[in-house]
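> I would like to see how this sequence folds:
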Amino acid sequence: MDKDPYAVKQFSVTSVSVNKLRINHYAVKSRDEFEDKVKRFAEPMKGAGRYHHIDKIYFPYHDRNEVHDPILHRYLAELKAALPSSAG
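Below you'll find the predicted structure:
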């Protein structure tokens, strides 16, 4: 497991299992969402005297898709059937 240069604290975990519990957390979703978040949080945190470390490599570092994870594909047809169809 690579060390995350943006981690707030050090962890001793060397492996992760998703056999019993799985939480997918995404540090970034899209470039636009990321830029909006930076605008919303940078100034208030600076004004409160808190450290807010977002630099120009934060987004590319976290916008990674090295692992293909098809675990939820089995629910896709059911999900699509439950969603209203788009008009148009």
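> residues contacting the residue nearest the centre of the chain?
The centre of the chain sits closest to residue 26, judged by Cα atoms, centre = their mean, with a distance of 1.2 Å. Applying Cβ atoms under 8 Å, 6 or more residues apart in numbering to residue 26 gives no contacts. All C-beta atoms are positioned from the backbone trio N, CA, C, and that covers glycine.
> separation between it and residue 62?
8 Å (Cβ to Cβ, to the nearest Å).
> ok, back up a step: give me the pLDDT for the residue nearest to the centre of the chain.
Predicted confidence (pLDDT) at residue 26: the value is 80.
> cool, the one 3 residues further on as well?
Per-residue confidence for residue 29 comes out at a pLDDT of 86.
> likewise the one 5 residues further on?
Among the per-residue scores, residue 34 holds a pLDDT of 87.
> swap in residue 78?
93.
> then residue 46?
62.
> cool, residue 87 as well?
Reading off the model, residue 87 has pLDDT 49.
> same check on residue 21?
81.
> can you count the residues close to it?
Number of residues near residue 21 (other Cβ atoms under 10 Å) recorded here: 6.
> show me which helix runs longest in the chain.
helix 31-47 (DSSP state H).
> avg pLDDT for whatever helix or strand comes next after it?
Remark: after helix 31-47, the chain's next helix or strand is helix 58-62, criterion DSSP states H and E. Per-residue pLDDT over helix 58-62 has a mean of 85.
> mind listing what's buried in helix 58-62?
58-59 (16 or more other Cβ atoms under 10 Å).
> that helix packs against which elements?
With contacts taken as 3 or more Cβ pairs under 8 Å, 6 or more residues apart in numbering; DSSP states H and E, helix 58-62 sits against helix 31-47.
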